[in-house]
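Asks: I need the structure of the sequence given here:
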Amino acid sequence: MKNNLLILAILIVLLAALLLIWNRDENLEDGIVIMQNDQELIISFPQIDKLQKHNFTTNRGDEFTGILLSEILENYDYNKLKLHSSDGGNLILNREDISNAYIIEMDDIDERSFRLIIPTDEFRQRWMKYIKSIELN
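Replies: Just a heads-up that it's a prediction; the model follows:
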């Protein structure tokens, strides 16, 4: 009986440690991570909040307010980029696509998250939720 209690106590401690590590990694992402070559830079939520917001309408008539992706990335040199979402999705965009792509803040209760919208995509094929990082090439 004592062995079972000892094993159970060890398992509980290990589970608590894993939860602490997992939550710590989640909290490190307090913005959008920009990756270029071997460098990473986080554009924080306060920095994103300071960028100019634009009202735009999609081809389907939906109205949004967001930030042009090209304005977020104006200080970087790249030809294409790959967006990564927290739900495991990836999307590659060419430089031409970026000029008409917007980042909007999603209305999630639990945490701040961002969504990519390309207003000219009639069927929303290149829209992406929960953007966590952008890889520049």
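Asks: quick one: buried residues of the longest helix along the chain?
Replies: Identified as the longest helix of the chain according to DSSP state H is helix 2-28. Of the residues in helix 2-28, none is buried under the neighbour-count criterion (16 or more other CB atoms under 10 Å). For every residue, glycine as well, the C-beta is placed using N, CA and C.
Asks: what element comes up after it heading to the C-terminus?
Replies: Next in sequence after helix 2-28, counting helices and strands by DSSP states H and E, comes strand 31-36.
Asks: Which strands border that following strand, and is each parallel or antiparallel?
Replies: Looking at strand 31-36 with DSSP bridges, its paired strands and their directions are strand 39-44 (antiparallel), strand 131-136 (parallel).
Asks: Confirm for me that Thr65 is in contact with Thr57.
Replies: No. Counting by CB atoms under 8 Å, Thr65 stays clear of Thr57, with 10.8 Å between them.
Asks: Only alpha carbons, please: show stretch 98-106 as PDB.
Replies: Included here for stretch 98-106 are C-alpha records, laid out as PDB according to Å, rounded to 0.1, in the frame of the first residue of the first chain:
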ATOM      1  CA  ILE A  98       1.200  40.300 -48.700                       C
ATOM      2  CA  SER A  99       0.300  43.800 -50.000                       C
ATOM      3  CA  ASN A 100      -3.400  42.900 -49.600                       C
ATOM      4  CA  ALA A 101      -3.300  40.800 -46.500                       C
ATOM      5  CA  TYR A 102      -4.500  42.000 -43.100                       C
ATOM      6  CA  ILE A 103      -4.000  40.900 -39.500                       C
ATOM      7  CA  ILE A 104      -7.100  41.400 -37.300                       C
ATOM      8  CA  GLU A 105      -7.500  40.600 -33.600                       C
ATOM      9  CA  MET A 106      -9.900  37.800 -32.900                       C
END
